[in-house]
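my questions are about this predicted structure, shown below with the sequence.
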Amino acid sequence: MSAFVEPCLAMASRAPPSGANFVHEVKFDGYRLQAVLQNGEAVIRTRKGLDWSARFPSLARAIAALPVESGVFDGEAVVEDQNGIANFTALQDALKSNRQERIVFYLFDLLYLNGHDLKPLALTLRKKILEQVLNAAPTPSPLRYSAHFETSGKELLQHLCRLGAEGLVSKHADRPYRSGRNGDWLKIKCADRQEFIVVGYVPSTSTSKAIGSLVLGYYENGKLQHAGRAGTGFNLQTAKALFTALEKIKTGKPAIDGPLSAEAKRNVRWVEPSLVAEIEFRGWTANNMVRQAAFKALRDDKPAEEITRELAAPGEDPEEMRTSVKLTHPDRLLWPDAGFTKQGLADYYKEVWPLIAPHITGRPLALVRCPAGIDEGCFFQKHKWEGLDRHIMLIEDPEDEEPIVGIETLDGLIALAQASVLEIHPWGSKAAALETPDRLIFDLDPGEDVGFPDLIHAAREVRARLEDDGLTSFVKTSGGKGLHVVAPIEPRASWDAAKDYCRKIAESMATDNKAKFTATIAKRERKGKIFVDYLRNGRGATAVAPYSTRARSEAGISAPLGWDELDSIASAAHFTLANIGRRLQGLQIDPWQEMAKCKQSLPAS
């Protein structure tokens, strides 16, 4: 009991194991901790045995309050976001601000209990005893039981990834607890994510005394290898804090073994290889550099000497999308709180291009531009501006004195990122047929005191009413408060006919259930109700595009969903730039891929 037990560590695997011998748990994004209860006092230790009781006093008190004499518990401390997904950055913020009430401790193993060594027992038996102990804990408590699933690991991983979670841990159900990385536990990630050593940094080109990117490395056969750069993921406060910390450990030459290209050395200030950063990225390039890398946090619980290259996440590496558009000030923070830069926006657009293209190309666009980031003012723009990139097209509108902007290619989309376009709102018609819309859009906008389950119910009611008229529909989050229901139609009907049809559905919903719905835009009519907004179907009206980012502090994404996914998310802001990559990597099919195959017409009035 008094000696530290080296934890059982999970080996990386590209796919979950199959068979009844394994159970599967959610992989948490936090600090791995060991809690020891003895003589009425609890000690919280790191995975290396350091005493962190002072950093987690609320967890120590909760362990000490358990109705047992002694015990050793294995688990992970996390902070969960509004959607119930563990967020490591939020955990670090809670520790810095001493917001202990936000921290919960998921316990997944019990090594000793009341003088008995449980390590030789099978995992499922240890967990059964653990669950009984936690069920007897005083309430409220930050302690949580980490449930396991005796189901298909492949299906569970797919579900978790679609929700933007980190991944899962698969464990041999009948094995004893064995220290070290021995293969009893396997970790399968939704996206490539691992620790790297910080070997240098590039100062920001837009903010003084702040980093613009980190230069990364890892050990291979005892030699420090170069792994590329991470140029997004740090907010303004973190970018300045990293600059201060790295300036203190600057060196005159790189610690990397082997020669570096001129591009790899460009503008870099080298540092001692002592700090460890957790990085999420999108696979490896052909020359072994991380692709689209985003900083998550510094890790002070893992020594640099242990950092090696890990297995890639399941699935093939994404195709390298190439563009001729050059970004100026790629390190400019467009979302200062969320920590995403212009480079991060461009990287996301490259990744999502095959999915977003059908919804924004060849259409007039209304754009939300935030040239200095969302905190410095944003504005709508639909006409050309000075210095308009040649890849942005102009669409003539007979009812507008000036042509409207649009795009046709990935270069056009990256040109929008260069112009700091944070929201893309397309027309509901193509440029080649401006007067005939090809989709119907219902924007479900919740008033005060409307819960997300009510919003889901409203979306399903719109879907049912459309189905009654023979129309298949699709659903997406708005990236803000609402849900959008979209029905594709053949471009034959007029704008007035489309808008009138949608108005009738909205008004019928409001008539049938006055307590829940309104079809009136007036704010006074919307408290406690959902505004069924049909006005998006007028000529020149727009709605935010599927997969578009939003100019909101959390960097939300308007994310297409399968109808069966609605009950799995907690809000319309569930998906952000921070987790959308995991969803994209976990998707087997695009939830909206059938939209292009729908050949349906606006019902006759």
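Structure's in. What do you need?

hang on, T409 packs against D389?
No. Applying Cβ atoms under 8 Å, one finds T409 not in contact with D389, separated by 11.1 Å. Where you see a C-beta, it was placed from the backbone N, CA and C, and this is true even at glycine.

who's in contact with K516?
By Cβ atoms under 8 Å, 6 or more residues apart in numbering, the residues touching K516 are 454, 458, 529-530.

ditto for L394
Residues near L394 by Cβ under 8 Å, 6+ apart: 384, 403-406.

kindly report the same for F56.
33, 44, 77, 100, 103, 105.

any idea how many residues pack against the closest residue to S58 other than its chain neighbours?
In this structure, S58 finds its nearest non-sequential neighbour in Q100, 3.9 Å apart by Cβ to Cβ, 6 or more residues apart in numbering. Q100: 15 surrounding residues under other Cβ atoms under 10 Å.

pretty sure Q100 is touching A94, no?
Yes. Using Cβ under 8 Å, Q100 makes contact with A94 at a distance of 7.3 Å.

run the chain-centre distance for whichever strand or helix holds E263.
Per DSSP states H and E, E263 falls inside helix 262-265. Here the centre of helix 262-265 is set off from its chain's centre by 31 Å, with Cα atoms, centre = their mean, to the nearest Å.

with stretch 488-495 instead?
In this view, stretch 488-495 has its centroid 35 Å away from the chain centroid, taken as Cα atoms, centre = their mean.

can you check stretch 279-291 too?
Taking Cα atoms, centre = their mean, one finds the center of stretch 279-291 at 18 Å from the center of the full chain.

what residues does it touch?
191-196, 216, 225-230, 233, 292-296, 312, 317-318, 320, 347, 351, 581, 585.

okay, now the domains of the protein?
The chain is divided into the following domains under automatic domain parsing: 11-186, 192-306, 333-433, 439-597.

could you dump the ones you listed to TSV with distance to A604 and mean pLDDT?
Compiled in TSV, those are given as follows (distance: least, Cβ to Cβ, whole Å; pLDDT from 0 to 100):
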stretch	distance to A604	mean pLDDT
domain 11-186	38	94
domain 192-306	47	94
domain 333-433	20	96
domain 439-597	9	94
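
now the ones you listed in JSON lines, with distance to F4?
Converted to JSON lines, these look like this (distance: least, Cβ to Cβ, whole Å):
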{"stretch": "domain 11-186", "distance to F4": "4"}
{"stretch": "domain 192-306", "distance to F4": "14"}
{"stretch": "domain 333-433", "distance to F4": "35"}
{"stretch": "domain 439-597", "distance to F4": "33"}
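
H159 and I569 touch, don't they?
No. The pair H159 / I569 is not scored as a contact, 11.7 Å apart, by Cβ under 8 Å.

more neighbours: those two, which one.
I569 (21 against 17).

which residues touch G30?
Contacts of G30 by Cβ under 8 Å, 6+ apart are 76-79, 86, 88, 91, 106.

which other residues reach stretch 488-503?
Stretch 488-503 has contacts (Cβ under 8 Å, 6+ apart) with 428-430, 433, 435-442, 471-472, 474, 519, 534-535, 537-539, 595-596, 598-603, 605.

tell me which stretches of this protein form helices.
57-64, 88-96, 123-135, 153-162, 236-247, 262-265, 342-360, 410-418, 452-468, 495-512, 580-586 (DSSP state H).

with distance to G283 added, can I get those in a markdown table?
Compiled in a markdown table, these are given as follows (distance: least, Cβ to Cβ, whole Å):
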| stretch | distance to G283 |
| --- | --- |
| helix 57-64 | 36 |
| helix 88-96 | 21 |
| helix 123-135 | 32 |
| helix 153-162 | 15 |
| helix 236-247 | 25 |
| helix 262-265 | 19 |
| helix 342-360 | 10 |
| helix 410-418 | 18 |
| helix 452-468 | 34 |
| helix 495-512 | 42 |
| helix 580-586 | 9 |
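
quick one: closest of those to S206.
Comparing the helices of the chain by their distance to S206 (Cβ to Cβ), the top pick is helix 342-360, with 9.0 Å.

what sits opposite L33 in the beta ladder?
Note on L33: beta-bridge partners by DSSP bridges are T46, G75.

wait, it touches Y106, no?
No. Between L33 and Y106 there is no contact under Cβ under 8 Å: 9.9 Å.

report the set of residues contacting both of those two.
Residues touching both L33 and Y106 (Cβ under 8 Å, 6+ apart) are 75-77.

so D331 touches G344, yeah?
No. In this structure, D331 is not within contact of G344 by Cβ under 8 Å, at 9.4 Å.

joint contacts of the two?
Listed as contacting both D331 and G344 by Cβ under 8 Å, 6+ apart are 231-232.

who's more crowded, these two?
More neighbours surround G344 than the other of D331 and G344, with 29 against 23 (other Cβ under 10 Å).

isn't that one up against G231?
Yes. Counting by Cβ under 8 Å, G344 does reach G231; the two are 7.3 Å apart.

pull the number of nearby residues for P303.
P303 has 13 neighbouring residues, counting by other Cβ under 10 Å.

tally of neighbours for H148?
Counted with other Cβ under 10 Å, H148 comes out at 20.

tell me the buried residues in stretch 389-404?
Buried residues in stretch 389-404, defined by neighbour count with 16 or more other Cβ atoms under 10 Å: 391-393, 395, 397, 404.

with only the CA atoms kept, save that stretch in PDB.
Output in PDB follows, covering the C-alpha atoms of stretch 389-404 (Å, rounded to 0.1, in the frame of the first residue of the first chain):
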ATOM      1  CA  ASP A 389      -8.100  37.400 -55.100                       C
ATOM      2  CA  ARG A 390      -8.300  36.200 -58.700                       C
ATOM      3  CA  HIS A 391      -9.700  32.900 -57.500                       C
ATOM      4  CA  ILE A 392     -12.900  34.500 -56.200                       C
ATOM      5  CA  MET A 393     -15.400  34.800 -59.000                       C
ATOM      6  CA  LEU A 394     -18.100  37.500 -59.500                       C
ATOM      7  CA  ILE A 395     -21.700  36.600 -60.200                       C
ATOM      8  CA  GLU A 396     -24.000  39.000 -62.000                       C
ATOM      9  CA  ASP A 397     -27.400  39.600 -60.400                       C
ATOM     10  CA  PRO A 398     -30.000  41.500 -62.400                       C
ATOM     11  CA  GLU A 399     -31.400  43.000 -59.200                       C
ATOM     12  CA  ASP A 400     -28.100  44.200 -57.800                       C
ATOM     13  CA  GLU A 401     -26.000  47.000 -59.100                       C
ATOM     14  CA  GLU A 402     -22.800  45.200 -58.300                       C
ATOM     15  CA  PRO A 403     -21.900  41.500 -58.900                       C
ATOM     16  CA  ILE A 404     -21.900  39.100 -56.000                       C
END
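
I appreciate the help and will end here.
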